[in-house]
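Visitor: Need a 3D model of the sequence below.
(2 chains, ligands or ions: 1)
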Amino acid sequence: MEPLNIQANQLILLRLPSQNIKVVKVEPGSIISLGKFGSFRADDIIGDPFGFTYEIDSGMKLSLVDNTIEFDEDDQMGAEQAMTGHKITATGMQQLTSEEIEALKSQGVSGAEIIAKVMEGHAAFEHKTEYSKEKYLKRKKQKFLQQFTPYAIGSTELIDIYLDKDPTRIYNLSPETLALALNMGNIRPGGNYLVVDETPGVLVAAILERIGGEGTITLVHENEHPNLDCLKYLVLSEEERERMIKTINWLELFHPEESEPVRTKTAEELEDLKPSHRRQYYRAKQREENHKEILKRADTCGFDALMVMTLLDLPTLIPQLLRFVGGSRPIVLYSEFKEVLVETTLALQKENRVLAPTIMETRVRKYQTLPGRIHPLMTSRGYGGYLLSALRVHPNRAVNAVGKISNRRKKAKTTASATPTPEPAQIAPVDGQEISPDTPAIDA
Amino acid sequence: MSFVEDKQKIEEGDHVLAWMTRSDVRPIKVQSGELLNNRYGPFKHEDMVGRSFGAQQASSANQGFIHLLSPTPELWSLSLPHRTQIIYGPDASYIVHRLKIRPSSVVIEAGTGSGALTHALARTVSKSGKIFTFEYHESRCEQARAEFESHGLSEIVQITHRNVCEDGFAIDTDIKASAVFLDLPAPWTAIPHLFEHVDRSRAVHICCFSPCIEQVIKNIYALQAAGFQHIEMVENQARRWEGHQTMVRTVEESMDLLRDIRRRRQDGMDFRHGRVEKRKLDNYNPWGKGTRVREGDEGYNWRPVSWMETDIKSHTSYLTFAILPPTSPDKYK
Ligand SMILES: C[S@@+](CC[C@H](N)C(=O)[O-])C[C@H]1O[C@@H](n2cnc3c(N)ncnc32)[C@H](O)[C@@H]1O
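Guide: The predicted structure follows:
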C-alpha cells in the first residue's frame, strides 16, 4: 500500500526542520513551495525512494543531507554567546559510510576495531566543544536550513496530520495508543474485523496497513454514508477499497428487517438503464449482498476482533455488539476519557461474555538527546486517550454454578467470624445475570 | 495452528492458553490422555477437543473453571516460561508501529531472549514476511527454536545461534531487512555489522532497547557515526486499571447515624429510668456495617472508580529510534 518510491501525483507528507509538517501533492511539472523554507521542483524528487532529507540550495537545486541534528529545547544560553571564540568548520559529525566500512574490512580490520574507529569519530567531534557546535547548528538550522524530509502517508502520518489540523477529529488519539490498539486487537492478514470508527477513518487506515491486502474491515457507521475522508491520502485502488472495506449503518446492522430489499431487475430492464443508473443498481445489489454476509458471519463464527472509536455511549452499545464477536477474540475500545471506559467495564462485568476487561494507557515521553544534555522534553502533549481491552468468551451454565460454589465456600471460610449474610438457597448464575441468549449451545 | 490463523474450534494438537487469572495462564498443547492440573484439580485435555475457543471448562472434580483461549502474542507473553526479561504489550506495539513493520516486512532481531517480542513481530510480518532473530546463549536459542517450531512459526522466524556483536549477521540467506531491533547489552557494537544485511534501496528503521542512559549515549553516537538520521529517544509509560465501584457515603447519612446513636442512648436511659418498656429499635445501617457487602450490592449507592494495578512497570527501557537513508542515487553524487 505504501509505495517505497515517490510517485507522480501522490500525496506525501513533508517534515520540516521547524517540526512543522505539510501535505503536498507531487504533481509533475509543479513547483512545491515551503514558504520561508524555500521551493523545489516536484520532478526532482519523483522516483526517489522515501527516506532522504533534502536541502534546497540556490536555484531550487536539491542535495541530500547526510546528517540531521536535533533541536536544543532550552535555549537560555543563546546561540551567539555559545558561539564566541569557536570556529566551526565541519557541518556534521565524522561518519563512516558503508563503503568505508567495507574497505576497512577488506584490509582485514576486525569488527571491534571498526567500532573503535566509529567511536573515535564521535570523540573527535565531542572535543570541538560540542555545546557551542550544537548551538551553532541549531541556529543555522532554524534560520537558514532549507530542509525537508518526504514521508509516504500511513497511519503514523495521518495522526500527525490531524493532530496538527484538528485533534478533536481523532479524539486526541496518540500514535502509541493506536499502536497498542492494533496489537491488542491481534490485527493481522486474513482477519475479518468489525470496526466502529467515527474519526475520518484513521482506525480503518491503520487496520488496512496491518492486514496487507488480505482480510476485511466491516465498518459500522452512524450517518447514512461512512466518513472515510482520510483514505484519500493513501495509495489505495478502488478495487482494493471495495474488496476490503464493507460498510453498514447501525440501523442496517441491528434492524435489517427495516431495509427495503433491492428489487432484482430483468436483463431488459437493465438494458434500458442509463449506464450511471446501471452502476448504481449494481452497487446497491452489492451492498445488499455484503450486508447478508455480515449478518451471516455474526450468526456463525463471529468477527475476529471488535475495534471501536466512537462518541456513542459505550456502556449501552458494547453489550449489543458482543454477539458479533467470535470466541476468544479481542474487544478493543478507545475513549479519550477514562471515566467512560470505567463505566463500560462495569457494564461488561455484569455479563459473563467478556473476560478480564482492562483499561490501559500508554504514553510515550520524548527526550532531548544532545550530548551531555539528555533530558525529557520540557513540554509534551497531555492527551492520548485510553483503551479498554477484553476477550469475548462463551459462558457455560454448569460451570458458572460451580465457580459460584467454590467462590462462596472460600469467602464463607475467610469471613466466618463476621456476621453471616444468609446465603440464597439456590445457586444463581454469576451476578444474577441470565446467560445471554446468543451464546452458542455448545458448552451448555 | 492458532498462532498463525484464527480458528473457531479446538482440535487435537492445538495450542490453547488456559486462563485462570491474569497471573496464571498456562500454555498447553491439547493431547488426549493428558491432564492440566491446577488448584481446581485436573482438567482433561480430551474434554477440550471440539469446544470453541473462548469456552469455559469445569475441572473434572467440579472445583472451578478455566477459560480455553486461542493464543495471541499478548497472551503468550503472560504465559511463557521466562528465560530473560521480556518485552510486553505497550513497548512491543510501539516498536512495531515506529519501525513501520507491515505484512511482508523483513526484520532483524537480536537477541531473541524469551521470544516474547519475536511472536509479536511474526504476527505482523505474517507468512509473507520474515524475522531473522539471533541469540548467543545456546540453550535459550534452542528453547526459542523449539517454541517457534511448535507454534507453527518456523516459516516466518529463522533463529541463528550467534554472537552478533562479534560475528555480525551473515547467514546462508541474503538478508535485506527494512527494520532492525536490538535488545542486547551493547547495541552500539552490533550497529556497524548491519550495513550488508539491510535493504539499502529504501529507508531502514532501527530501534535500540537499552535500560540505562549510559547505553543510550553510546547507541546515539554509534548511530550518528554510522549515518543514521532522525535519531529520537523515548520512554514509554504504561498503566493498567480495573473498573470497580466504591460505596457512596453521604454526610447526611453520617449525621443520621449519629442521630441514631443518640436516639438509642436516650432510649436506653428512658428504659433504665422506667420511662419505657424494653424494646428493640430498628437499626439504621445505610452502609451495611457488620454485614458482608459485596461491591455493587443492591440497596446501596455506588460510584464507578478505577483501580490502578498495584505494581506498575515504571521503567522498562529507553527506546532509541533512527532511520538509515537509502544509498544516494547517482544524480546526487
Ligand atoms: C533481554 S533479552 C531479549 C528479550 C526479548 N526481547 C523478549 O522479548 O523476549 C536479551 C538477549 O540477548 C542475548 N544476547 C546478548 N548479547 C548478545 C549477542 N552479542 N548476540 C546475540 N545475542 C545476545 C542474551 O542472551 C539475551 O537472551
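
Visitor: Quick one: residues contacting B:V204.
Guide: Counting by C-beta atoms under 8 Å, 6 or more residues apart in numbering or on different chains, B:V204 makes contact with A:51, B:177-180, B:198, B:323-324. C-betas here are computed from N, CA, C, even on glycine.

Visitor: can you tell me which of the residues you listed lies nearest to the ligand?
Guide: Ranked by distance to the ligand (C-beta to the nearest ligand atom), the contacts of B:V204 are led by B:V180 at 13.0 Å.

Visitor: And the helices in the chain, which stretches?
Guide: Just going to use chain A. Assigned by DSSP state H, chain A shows helices spanning A:79-83, A:98-106, A:111-127, A:130-143, A:155-165, A:175-184, A:202-211, A:238-244, A:250-254, A:267-272, A:275-299, A:314-321, A:338-349, A:397-414.

Visitor: please go with chain B instead
Guide: Under DSSP H, chain B gives helices at B:73-79, B:89-98, B:116-125, B:138-150, B:164-167, B:187-190, B:213-225, B:251-272.

Visitor: could you dump the ones you listed to TSV with distance to B:G13, mean pLDDT and mean neighbour count?
Guide: Converted to TSV, the helices of chain B look like this (distance: least, C-beta to C-beta, whole Å; pLDDT from 0 to 100; neighbours: other C-beta atoms under 10 Å in any protein chain shown):
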stretch	distance to B:G13	mean pLDDT	mean neighbour count
helix B:73-79	17	93	21
helix B:89-98	27	96	25
helix B:116-125	19	97	26
helix B:138-150	10	96	16
helix B:164-167	34	94	18
helix B:187-190	38	95	24
helix B:213-225	43	92	21
helix B:251-272	60	92	12
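
Visitor: which stretch among those helices comes nearest A:D304?
Guide: Among these, helix B:116-125 comes nearest to A:D304, with 12.4 Å by C-beta to C-beta.

Visitor: If you count contacts, what does the closest one end up packed against?
Guide: Secondary-structure packing of helix B:116-125 (3 or more C-beta pairs under 8 Å, 6 or more residues apart in numbering or on different chains; DSSP states H and E): helix B:73-79, helix B:89-98, strand B:106-110, strand B:130-135, helix B:138-150.

Visitor: and it, anywhere near the ligand?
Guide: Yes. Using C-beta under 6 Å from any ligand atom, helix B:116-125 reaches the ligand at B:116-117.

Visitor: Give me the domain ranges for chain B.
Guide: As assigned by automatic domain parsing, chain B contains the domains B:15-71, B:75-237+B:314-331.

Visitor: Tell me which of these sits most buried.
Guide: Burial of the domains of chain B is given as mean neighbour count (mean count of other C-beta atoms under 10 Å in any protein chain shown); domain B:75-237+B:314-331 ranks first at a mean of 20.

Visitor: now the stretch 101-250 of chain B, which segments are flagged as low pLDDT?
Guide: Under the criterion of pLDDT under 70, none of the stretch 101-250 of chain B is flagged as low confidence.

Visitor: Output the helices and strands packed on helix B:116-125 as a markdown table; include the columns distance to the ligand.
Guide: Listed next are the helices and strands packed on helix B:116-125 as a markdown table, based on distance: least, C-beta to the nearest ligand atom, whole Å:
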| stretch | distance to the ligand |
| --- | --- |
| helix B:73-79 | 8 |
| helix B:89-98 | 8 |
| strand B:106-110 | 5 |
| strand B:130-135 | 5 |
| helix B:138-150 | 5 |
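
Visitor: can you pull the pLDDT of A:G432?
Guide: A:G432 is assigned 29 on the pLDDT scale.

Visitor: The one 10 residues further on now?
Guide: Looking at A:I442, its pLDDT is 37.

Visitor: and the longest strand along chain A, is it in reach of chain B?
Guide: Taking DSSP state E as the criterion, chain A has its longest strand at strand A:354-370. Yes. Using C-beta under 8 Å from any C-beta of the partner chain, strand A:354-370 reaches chain B at A:355-367, A:369.

Visitor: Same question for stretch A:209-216.
Guide: Yes. Applying C-beta under 8 Å from any C-beta, one finds stretch A:209-216 in contact with chain B at A:209-214.

Visitor: List buried residues within these.
Guide: Neighbour counting by 16 or more other C-beta atoms under 10 Å in any protein chain shown classes A:209-212 among these as buried.

Visitor: Among the residues you listed, which ones lie close to the ligand?
Guide: With the criterion set as C-beta under 6 Å from any ligand atom, no member of those is near the ligand.

Visitor: Just give me the closest of the residues you listed to the ligand.
Guide: Ranked by distance to the ligand (C-beta to the nearest ligand atom), those are led by A:R210 at 20.1 Å.

Visitor: need the contact list for the closest one.
Guide: Residues near A:R210 by C-beta under 8 Å, 6+ apart: A:182, A:187-189, B:102-103, B:124.

Visitor: can we see that at 10 Å?
Guide: Shown in contact with A:R210 (C-beta atoms under 10 Å, 6 or more residues apart in numbering or on different chains): A:155, A:182-183, A:185-189, A:191, A:193, B:96-97, B:101-103, B:123-124, B:126.

Visitor: quick revisit: now do the buried residues in the longest strand of chain A.
Guide: Neighbour-count burial for strand A:354-370 flags A:354-355, A:357-364, A:367-370 (criterion: 16+ other C-beta under 10 Å).

Visitor: Is B:L281 in contact with B:R262, as I believe?
Guide: No. Between B:L281 and B:R262 there is no contact under C-beta atoms under 10 Å: 11.8 Å.

Visitor: returning to that earlier point: just the C-alpha atoms of the longest strand of chain A, please, in PDB.
Guide: In PDB, the C-alpha atoms belonging to strand A:354-370 read as follows (Å, rounded to 0.1, in the frame of the first residue of the first chain):
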ATOM      1  CA  VAL A 354     -16.200 -11.000  28.400                       C
ATOM      2  CA  LEU A 355     -13.000 -11.900  30.200                       C
ATOM      3  CA  ALA A 356     -10.700  -9.600  32.100                       C
ATOM      4  CA  PRO A 357     -11.800  -6.200  30.900                       C
ATOM      5  CA  THR A 358      -8.800  -3.900  31.500                       C
ATOM      6  CA  ILE A 359      -8.300  -0.200  31.000                       C
ATOM      7  CA  MET A 360      -4.900   0.700  29.500                       C
ATOM      8  CA  GLU A 361      -2.900   3.800  29.000                       C
ATOM      9  CA  THR A 362       0.400   4.200  27.100                       C
ATOM     10  CA  ARG A 363       2.300   7.500  27.000                       C
ATOM     11  CA  VAL A 364       5.500   8.000  25.100                       C
ATOM     12  CA  ARG A 365       7.800  10.600  26.600                       C
ATOM     13  CA  LYS A 366      10.400  12.100  24.200                       C
ATOM     14  CA  TYR A 367      13.900  13.100  25.300                       C
ATOM     15  CA  GLN A 368      16.300  15.600  24.000                       C
ATOM     16  CA  THR A 369      19.400  13.700  23.200                       C
ATOM     17  CA  LEU A 370      22.100  16.300  22.700                       C
END
